[in-house]
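J.: pasting a predicted model and its sequence here:
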Amino acid sequence: MQRFSGPGDILALLRREGPLTRGELQEITGLSRMTVTQRVTALQERFLIAEADGLEPTGGRRAGRLSFDPSRGYFAVEAMETTRARTAITDLDGRVIAARDCEARIADGPAKALAATVASIRTLLAEANLPPDRLRGVGLSLPGPIDPGTGRPSEPPIMPGWDGWPVAEQIAAEFGRPALIENDGNAMALGIYRWEFPTAQSLVLIKCSTGIGSGIVIGGELIGGVDGGAGDIGHIRISSSNRICRCGSLGCLAAEASGWAVAEKLSEAGLAAKAGHDVRAWLDRGEAVAAQCVQEAGRHIGKIGATLVSVLNPQVVVLAGDLASTPLLGGFRETLYAQTLPRATRSLDIVVSNDPDAAIRGIAQALADQIYSPAAVNRMCG
């Protein structure tokens, strides 16, 4: 049974369950009316929660609902891909206030790429003209594993020069605010889960862009693994092919089905393409060869998807990224259903998401989880 040992636990409950009255807080927590009042007052004094009237009257008075107040500050976040990035300002719930796309090449190395990130965030902050003292934190998602102990990239296969780089420390020093770094698949999974499937027991997101990765959410929490490698499915060997993966191995899923692998196949067929977004452009033009190659990629990804579904038995599988499309979904379903028992998929919902702000919202949610954790809020309230 959950213990509600301080104001931070009340705030976590309000963030998770939505607006609640004081009476509902008493019922859920088992705390006395006086204790609930004390903890609510502590949160109100620090402008962490807001109260709105308008519910059904009880005993002649309207019972005000209490909720986390996402307007009391904002986050600056960026979702970085291999050759581009999306920078955004969000409220404390992850709602996008302003956004811009920019160039930021992972291959340029951390020093140059992060300089572009800082410049893009500063530009957006200046354009939005928001009070500087209300910036609560800065977040960044990267296309590689992040060590949960250090918060640094951990042997990222497609990010040469980034291993162990103090990304969070550098970003925090630039803006004088807490900084959080997250894997892109994890960020997208959390963003889509919290915004689109908040009642699902479990969700697996498979990101199919220039690289391939996944994010796993169970019981509302990201599963990152002991070293941050959970969901790093792109480098599982699936064939005896002689195609060399960017990690140096042969026959990896990424070597057969990633955006760069499909781009190579399109180039061999005479269609100019270098990365996942080029493949997407051909798909959007209705190019049949691109659709065929992406469908074949979906079949390969479905092999690993079958293992994920059989092991985790998730409620939702989301296909996201540049390659997320009807052809990818068709190929994925074809292999997945052929390689799993009916029981593993009878309650499974497989969807395609092309939400450009999924990772943005996920990073913002992860920042809020960190900055407004029960322990942090309890310390804040003394």
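T.: Nice, I can see it.
J.: so which elements touch the strand or helix carrying Ala42?
T.: Per DSSP states H and E, Ala42 falls inside helix 33-45. When contacts are defined as 3 or more Cβ pairs under 8 Å, 6 or more residues apart in numbering; DSSP states H and E, helix 33-45 packs onto helix 7-17, helix 22-29, strand 49-52. Quick note: C-beta positions are derived from backbone N, CA and C, even for glycine.
J.: can you tell me what sits against that helix?
T.: For helix 33-45, contacts defined as Cβ atoms under 8 Å, 6 or more residues apart in numbering pick out 6-7, 10-11, 22, 25-26, 29, 31, 49, 51, 66, 377, 381-382.
J.: same thing but at 10 Å, please
T.: Residues outside helix 33-45 that contact it (Cβ atoms under 10 Å, 6 or more residues apart in numbering): 4-11, 14, 22-29, 31-32, 48-51, 66, 68-69, 377-378, 380-382.
J.: same question for stretch 272-286.
T.: 81-84, 207-212, 258-267, 271, 287-291, 293-294, 297, 321-328, 354.
J.: of those, buried ones?
T.: Neighbour counting with 16 or more other Cβ atoms under 10 Å marks 81-84, 207-212, 258-266, 271, 287, 290-291, 293-294, 297, 321-325, 327-328 as buried within these.
J.: low-confidence regions, the protein specifically.
T.: For the chain, the stretches flagged by pLDDT under 70 are 1-2, 52-63.
J.: residues contacting the residue most central in space within it?
T.: Most central in the chain under Cα atoms, centre = their mean is Ala187, positioned 1.5 Å from the mean C-alpha point. Each residue near Ala187 by Cβ under 10 Å, 6+ apart is listed here: 77, 79, 139-142, 146, 180-181, 205, 207, 215, 222, 358-366.
J.: partners of the nearest residue to Glu196 once chain neighbours are set aside in the sheet?
T.: Once flanking residues are discounted, Glu196 sits nearest to Ser353: 7.7 Å by Cβ to Cβ, 6 or more residues apart in numbering. Beta-bridge pairing for Ser353 (DSSP bridges): Ala320.
J.: from Leu329, how far out is Ser353?
T.: Taking Cβ to Cβ, to the nearest Å as the measure, Ser353 falls 11 Å from Leu329.
J.: which neighbours do those two have in common?
T.: Contact criterion Cβ under 10 Å, 6+ apart; residues shared by Ser353 and Leu329: Leu319.
J.: alright, calling it a day.
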